[in-house]
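1. Structure for this input, please:
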Amino acid sequence: MSMDQREDEAPPTTSRASLGSERSIGRDMNFKKEHDQRIKQKHGPSEPGPSCESLRSDWSMGLPYNFAKEKLYEPGPEVRGQLDSIFKLLEDDIFTFVQKELKKLQKVLSTDYPECLEPVEDEDEEQRSSSEAVLKITLNFLRRMKQKDLAERLWSRSYSGVYQRKLKSELQQKCECVFEGIAKAGNLTLLKQIYTELYITEGGSSEVNQEHEVRHMETASRKPAETPITCEELFKGPADTDGPIRTVLTKGVAGIGKTVLTQKFSLDWAEGKANQDIQLLFPFTFRALNVMKDRSFSLVTLVHHFFSQTQAELRSFEDLQVLFIFDGLDECRLPLDFTKTKALTDPTESVSVDVLLVNLIRGSLLPSARLWITTRPAAANQIPAECVSMVTEVRGFTDPQKEQYFMKRFRDEADTIISHIKTSRSLHIMCHMPIFCWILSTVLEHVLKSRERGELPKTLTQMYIHFLVVQAKVKNVKYEEGSGTDSHWSPETRKMVESLGKLAFEQLQKGNLIFYESDLRECGLDAAAASVYSGVFTQVFREEPGLYQDKVYCFIHLSVQEFLAALHIHLTFVNSEINLLEEKTHKSKIFSVKRKLKHLHQTAVDQALQSPNGHLDLFLRFLLGLSLSTNQSLLQGLLTQTGSSSQTNQKTAEYIKQKLSEDVSAERSINLLHCLNELNDRSLLEQIQQSLRSGRLSEGGLSPAQWSALAFILLSSEEDLDQFELKKYSASEEVLLRLLPVVKAFNKALLSSCNLSERSCEALSSVLSSQSSSLRVLDLSHNELKDSGLKMLCVGLKSPHCKLEQLRLSGCLVSEEGCAALASALRSNPSHLRELDLSYNHPGDTGVKLLSALQEDPHCSLDTLRLDHVGPQWFTPGPRKYFCDLTLDPNTANTILKLSDDNKKVTKRNSIKAEEVGDTDRK
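-> Numbering: from 1, shown residues only. Take a look at the predicted model:
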């Protein structure tokens, strides 16, 4: 809608509506006492004064309904005099009121106006209505006076207050309730009742992180505590921030609580509890914006489209403090091209939604606005770094926050549940995600209330099987009118689960987490039927006719999709003997089902090891866990046959141990040990734990698999991961490479005198470059790293993710060349390293000069630099570096010794002649 069209909408003063508004002005004003007093003086105490209602009645009496039959009413002189008196008073009161309102409107047009937008606390709805009526009349007269620019500014500034009240009311209704984890089948819950504060940290960059999110979360859970920030601090930034914070990018894995965080932020603003410096707040989701891909909007009409109840009041955002929230950048299907998209500055110009978003994020459009964008880590690089003022990360729940969540959810059983979660490290780590806390609560609540009250699930596979069973029972009772005791695996339910599994697997192969009705139909799914499983499968948009063109679907979390995909592979194999993980699948009776199941598992292990960045890690855990008979008993009715045995699982475990003995990356080794845990094989871990208890670990060499098991144990420990000393286990480069995830997780790594080379430097460089690294102190002293090794280490030191504070390189055969590379790296990333030890090296004059200059640089944090005992002699490897040339003084040598002419040969003699001693001091 154009500005000109909006001008035509201004209510004319001669219309019936405007007369009503003017009457409301007189009615709404608080003139009761003054009116009563003046009317009593004219008519006496016994004669009732005319009220606003009587005025309205008199007005209607002056409009006869039938002119043909009735005579026109002709008031007498007394009534006319009474009306003259009343309207004279009314004129005075209206004039006083309008004069007061016009002064307010004039102030609104001044520079310092925002406080005028705040509603008066004792002002009721009728008084506000009267003020709005005067505003409409004023706008109409300004336009008649050809003061269109002034009218537009008054419209924008005045109506933002009106709009703000209506917007807050609308957002309060939208945000006050939450479906925790599910959509249609869930119970409506007040957000404030279940909301638990999240652990949010500042820092990081918008660079992409391709790690599987569960691995990313497992690593993050071991990071040391950092100073958290609150929502109120998002746009304030640290004290040393240059300029205002315009755009905040908040990262977090799926299910960590980003959406609920934005919902709580919006609710607090709408209720007037926080962030009241923001005048207008508009929360959007990229899921909703995706549906608008082929349509054009201006910024104003886009806001009107999503907040339609109040669209008549807002025409511009000029001079307003506006916050736009865009949730779920990772789900964006719009082509956000920041290099080729044309510039846009007019908020009333209609363009495609992607052009609108790009210019809003760039700051070309509405540069005064604030933006808050949330995303999963893998999509963070879609926004150019120069467009982001601050990056924050949602870490989910800390350990105390986990307990707080379960205390709110369970009262009587809270202690039992918290104790159980702590016994399972994998469950405890996953509880960093609020969505997993909800899944866990759903399962444990069901198990604790059931009559059987069996053993609480301990592994991830057990937990997700129970979750699927709970959803099947909910469907059976709620939608098929069954009872809680009926078999929950009806033919319809089995078909539904099979279709969901097929969808999960096929979309996982394509890398899709969001899909459409056409994808559902390809898997034999009816959209309405699928939404019945709302705990597992949720319709993203609630049905709002006329607002959304398409419905978009997703599983509630990536882990649920991976579990159902693994279940689909297992069901297909045991029912049809088809291995979907092989490109060419065919039935064969040559091998038994059990033998082929072993082959299926081996294929899955191989593919997971080859998968980039561990994207099949969790899928593999689920697939292997489903082969346990104890887990399959929970799926009786869904599984017509098991196809597995303890012998098959044992062979799979042996295959995994064989892989652990090969050249497998340290991170993959950790996941393979998780797989052994799902197979209930703890033999490797028990061996290492026994060696640790007996103190025999460092006596003999361990196999690669055993070293991986040690890493798993160290990372699973509940003790603080503060200091790791390699020599306690083995002063070996091979062992360091096996324990690299441990180095990444600890605060201090003491690796001095461990026979390390440049190969270790390359591996440690990757640790320093990792976003999830906790390493702050690194001691590499007395290893023959040389300049080549230090250069490799510098690649990590210059990374923006490197937060190393102390680096010790004493006696590492470093020369001037290595020092130059080190100085360059520290200039690239000057904010963290505070202490550097390069003693017993040979930096040369140039190296000393370059490094000393860093201490003088105000932008560099280096305050302690050790360069003592330097020189070329320290280039000699081993103890020979301490060797020095000796000379013998013949004047002080013992007289029993006979020296050669060049003093290089000494022989012992039996007798000494006096002339041979001479005048020397020899005795």
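
2. Phi, psi for the residue nearest the centre of the chain please.
-> In the chain, the centroid-proximal residue (Cα atoms, centre = their mean) is Gly252; its distance is 1.9 Å. When read as degrees, to the nearest 10, the backbone of Gly252 gives phi 170, psi 140.

3. So the closest residue to it other than its chain neighbours, which state does it fall into?
-> Of all residues not flanking Gly252 in the chain, Val394 sits nearest, at 3.5 Å (Cβ to Cβ, 6 or more residues apart in numbering). No exception for glycine: its C-beta is placed from N, CA and C like everyone else's. State at Val394, reduced to three classes by DSSP: H, G, I helix; E, B strand; the rest coil: strand.

4. Pull out the buried residues from the lengthiest helix in the chain.
-> For the chain, the helix that runs over the most residues, judged by DSSP state H, is helix 77-108. Buried residues in helix 77-108, counted by 16 or more other Cβ atoms under 10 Å: 82, 86, 89-90, 93-94, 97-98, 101, 105, 108.

5. Next: stretch 827-839.
-> Those would be 829-830, 832-833, 835-839, for stretch 827-839 by 16+ other Cβ under 10 Å.

6. okay, Ile912: pLDDT?
-> If you check Ile912, the pLDDT there is 61.

7. Leu334 versus Gln382, what's the distance?
-> To Leu334, Gln382 is 10 Å away according to Cβ to Cβ, to the nearest Å.

8. And Asp617, by the same measure?
-> Asp617 is 30 Å from Leu334, where distance means Cβ to Cβ.

9. go on, Glu686?
-> Per Cβ to Cβ, Glu686 is found 53 Å from Leu334.

10. the more surrounded of those two?
-> Neighbour tally, Glu686 and Leu334, criterion other Cβ atoms under 10 Å: the higher count belongs to Leu334, 17 against 11.

11. where's that one, which helix or strand?
-> Assigned by DSSP states H and E, Leu334 belongs to neither a helix nor a strand.

12. now Ile569
-> helix 558-576.

13. Quick check: buried residues in that helix?
-> Across helix 558-576, burial judged by 16+ other Cβ under 10 Å covers 558-574.

14. cool, stretch 191-199 as well?
-> By 16+ other Cβ under 10 Å, the buried positions in stretch 191-199 come out as 191, 195-199.

15. Count the neighbours of Thr374 for me.
-> When neighbours are defined as other Cβ under 10 Å, Thr374 has 25 of them.

16. Can you tell me the closest non-neighbouring residue to it?
-> Thr374 sits nearest to Lys258 (Cβ to Cβ, 6+ apart), 4.2 Å away.

17. What are the phi and psi values at the one you found?
-> phi -60, psi -40.

18. Wait, it touches Ile373, no?
-> No - counting by Cβ atoms under 8 Å, Lys258 stays clear of Ile373, with 10.1 Å between them.

19. Strands of the stretch 801-923 of the chain, start to end?
-> 806-808, 835-837, 864-866, 897-899, 906-908 (DSSP state E, counting those that start in this stretch).

20. any chance of these in TSV, plus mean pLDDT and distance to Leu751?
-> Shown next, in TSV, are the strands of the stretch 801-923 of the chain (pLDDT from 0 to 100; distance: least, Cβ to Cβ, whole Å):
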stretch	mean pLDDT	distance to Leu751
strand 806-808	95	9
strand 835-837	94	14
strand 864-866	92	18
strand 897-899	76	48
strand 906-908	79	45
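
21. mind putting those strands in TSV, distance to Glu125 included?
-> Output for the strands of the stretch 801-923 of the chain, formatted as TSV (distance: least, Cβ to Cβ, whole Å):
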stretch	distance to Glu125
strand 806-808	64
strand 835-837	65
strand 864-866	67
strand 897-899	116
strand 906-908	114
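
22. Spell out the residue ranges of the strands in the stretch 601-750 of the chain.
-> For the stretch 601-750 of the chain, the strands defined by DSSP E, counting those that start in this stretch cover 723-725, 748-750.

23. ok, now the stretch 351-500 of the chain?
-> 351-352, 370-375, 390-396.

24. Any chance of those strands in TSV with distance to Ser799 as columns?
-> Putting those into TSV (distance: least, Cβ to Cβ, whole Å) gives the following:
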stretch	distance to Ser799
strand 351-352	37
strand 370-375	21
strand 390-396	15
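
25. okay, those strands in CSV with distance to Glu667 and mean pLDDT next?
-> Formatted as CSV, the strands of the stretch 351-500 of the chain follow (distance: least, Cβ to Cβ, whole Å; pLDDT from 0 to 100):
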stretch, distance to Glu667, mean pLDDT
strand 351-352, 41, 95
strand 370-375, 23, 95
strand 390-396, 20, 87
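
26. between these, which one is nearest to Leu714?
-> strand 390-396 (21.4 Å; Cβ to Cβ).

27. Return the list of strands paired to the closest one, each annotated with direction.
-> strand 199-202 (antiparallel), strand 247-251 (parallel) (DSSP bridges).

28. Could you identify which of those is most buried?
-> strand 247-251 (a mean of 24; mean count of other Cβ atoms under 10 Å).

29. which is the next helix or strand following that strand?
-> Following strand 247-251 in sequence, per DSSP H and E, is helix 258-270.

30. so Phe282 sits right up against His304, yeah?
-> No - the criterion here is Cβ under 8 Å, and Phe282 misses it with His304 at 10.6 Å.

31. My guess is the residue nearest to the centre of the chain contacts Thr262. True?
-> No - the pair Gly252 / Thr262 is not scored as a contact, 11.2 Å apart, by Cβ under 8 Å.

32. okay, and the common contacts of these two?
-> By Cβ atoms under 8 Å, 6 or more residues apart in numbering, Gly252 and Thr262 have these common neighbours: Thr374.

33. that older thread, which helices and strands sit right next to the helix holding Ile569?
-> Helices and strands touching helix 558-576, by 3 or more Cβ pairs under 8 Å, 6 or more residues apart in numbering; DSSP states H and E, are helix 460-479, helix 491-510, helix 593-610, helix 617-625.

34. Centre of the chain to the last one, how far?
-> Translated: helix 617-625. 25 Å (Cα atoms, centre = their mean, to the nearest Å).

35. what inclination does it have with respect to helix 460-479?
-> Between helix 617-625 and helix 460-479, the angle comes out at 80 degrees (axes from the mean of the first three to the mean of the last three Cα atoms, to 10 degrees).

36. For helix 617-625, which helices and strands make contact with it?
-> Using 3+ Cβ pairs under 8 Å, 6+ apart: helix 617-625 touches helix 213-221, helix 460-479, helix 558-576, helix 593-610, helix 666-678.

37. Kindly state the domain boundaries assigned to this protein.
-> As assigned by automatic domain parsing, the chain contains the domains 3-146, 173-396, 398-458, 460-644, 720-876, 885-923.

38. Between those domains, which one is closest to Ser669.
-> Of all the domains of the chain, domain 720-876 comes closest under Cβ to Cβ, at 7.2 Å.

39. Identify the residue nearest Trp489 in space, chain neighbours excluded?
-> Closest to Trp489 by Cβ to Cβ, 6+ apart is Gly637, at 3.2 Å.
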